[in-house]
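>>> Let me see the structure of the following:
(one chain, ligands or ions: 2)
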Amino acid sequence: MTVIVAHVGDLHVNSSVGLMPPRVTLDDGQTVLQSATQHWLWDNWLDYWKRTAAWKRRTKARVVGIINGDWGDINVHSQFQLIEPVNPDIVLDMMTEAVEPMRRVCDAIFVVRGTEAHTGGSGFLENRAAKEIGAEKNAQEHTHSWYLLEAEFEGVKLTSSHHPGTSSRRPWTKGNDTNRRAAMDIYNYGGSDWVPDLTLWGHYHYYSDSGNTHSIRAIYNRSWQVKTAFSYRLGLANNVSEIGGLWVFCHADRFVVRTKQYRLPRPEPVCLS
Ligand SMILES: [Fe+2]
Ligand SMILES: [Fe+2]
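Ligands and ions are numbered 1, 2, ... in the order given. Here you go, the predicted model:
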């Protein structure tokens with residue numbers, strides 16, 4: 001049997017520029033609707049899961065979903081750009097509702113913890129939301145989430161964790177990040193009985209792939225959040241906004257990676273005549 005690993009991360013539900021269900025009712029009864037950009041995010045989110053369902057039908061595969069951290073967002077750095085700034089109960093409802101299209105397609109879901117500044121101390125929001133949706137249990141830690149998920153599907157060994165610990169954002173350093181990461185993985189698993197074929201990461205909100213440069217392949221996945229005020233501060237103002245997810249098709253000890261990206265159209269320049 002084929003197993004399709006549908007890998008998504010950095011959803012940042014509750015960020016006003018992240019993934020958001022079509023409508024949210026706050027504690028005081030106020031209804032908040034999606035912005036035009038969030039509508040675009042949601043449409044593409046539905047498209048990604050529609051495509052996953054189509055792959056599942058076509059290959060008669062089992063689908064394993066992985067949420068690779070930053071599922072929700074209570075940004076402790078700044079309450080600016082949050083839909084619900086105070087009540088985690090509302091945020092939890094928003095998070096579980098947002099992954100409903102994912103739940104309908106996946107036979108199992110694994111939840112990986114993201115950045116504490118976004119999902120609370122020891123990723124409590126993610127762990128709680130994972131329980132709510134009946135995600136897989138981490139029997140070793142007695143939790144419903146992982147800092148590092150090490151798993152084997154149809155003989156393919158892979159890991160999923162949020163923080164890769166090394167990045168390279170500039171165009172002329174492209175690829176250095178995942179090459180370094182792959183080398184780190186080879187070093188870290190050296191001499192072990194269990195060595196991954198593929199390591200999957202998130203946090204930086206851009207795609208990078210070491211390909212076959214090393215014996216372990218490392219990939220950074222895209223996010224489901226467009227630029228925040230902080231992104232502009234990082235000098236990313238005119239970078240292309242690209243979101244998306246990937247699939248790992250696992251069959252008879254071999255794997256194939258397919259990615260799906262969605263590119264936010266650039267705004268029309270101001271033009272006076
Ligand atoms: Fe993130
Ligand atoms: Fe993060």
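
>>> Quick check: chain neighbours aside, which residue is closest to the residue of the stretch 101-250 of the chain found nearest ligand 2?
Nearest residue of the stretch 101-250 of the chain to ligand 2: Thr115, at 3.3 Å (CB to the ion). (Glycine included, C-beta is placed from N, CA and C.) Using CB to CB, 6 or more residues apart in numbering and skipping the chain neighbours, the partner closest in space to Thr115 is Asp70 (5.9 Å).

>>> Tell me who's in contact with the one you found.
9-12, 114-115, 118-119, 162, 202-203, 223 (CB atoms under 8 Å, 6 or more residues apart in numbering).

>>> would it count as being in a helix?
No: assigned with DSSP: H, G, I helix; E, B strand; the rest coil, Asp70 falls outside any helix and is coil.

>>> Tell me what Phe249 is bridged to.
When bridges are called by DSSP bridges, Phe249 pairs up with Ile4, Val256.

>>> Count the neighbours of it for me.
Residues lying near Phe249 (other CB atoms under 10 Å) number 19.

>>> which residues touch it?
Applying CB under 8 Å, 6+ apart, the residues contacting Phe249 are 2-4, 55, 59, 61, 255-258.

>>> Show the residue spans covered by the strands in the stretch 1-150 of the chain.
Counting by DSSP state E, counting those that start in this stretch, the stretch 1-150 of the chain has strands at residues 3-8, 23-25, 31-33, 62-68, 108-112, 148-153.

>>> What helices and strands are in contact with the last one?
Contact analysis of strand 148-153 by 3 or more CB pairs under 8 Å, 6 or more residues apart in numbering; DSSP states H and E lists strand 108-112, strand 156-161 as its packing neighbours.

>>> Just checking: what are the partner strands of it?
Partner strands and pairing direction for strand 148-153 (DSSP bridges) are strand 156-161 (antiparallel).

>>> That's all I had, so thanks and see you.
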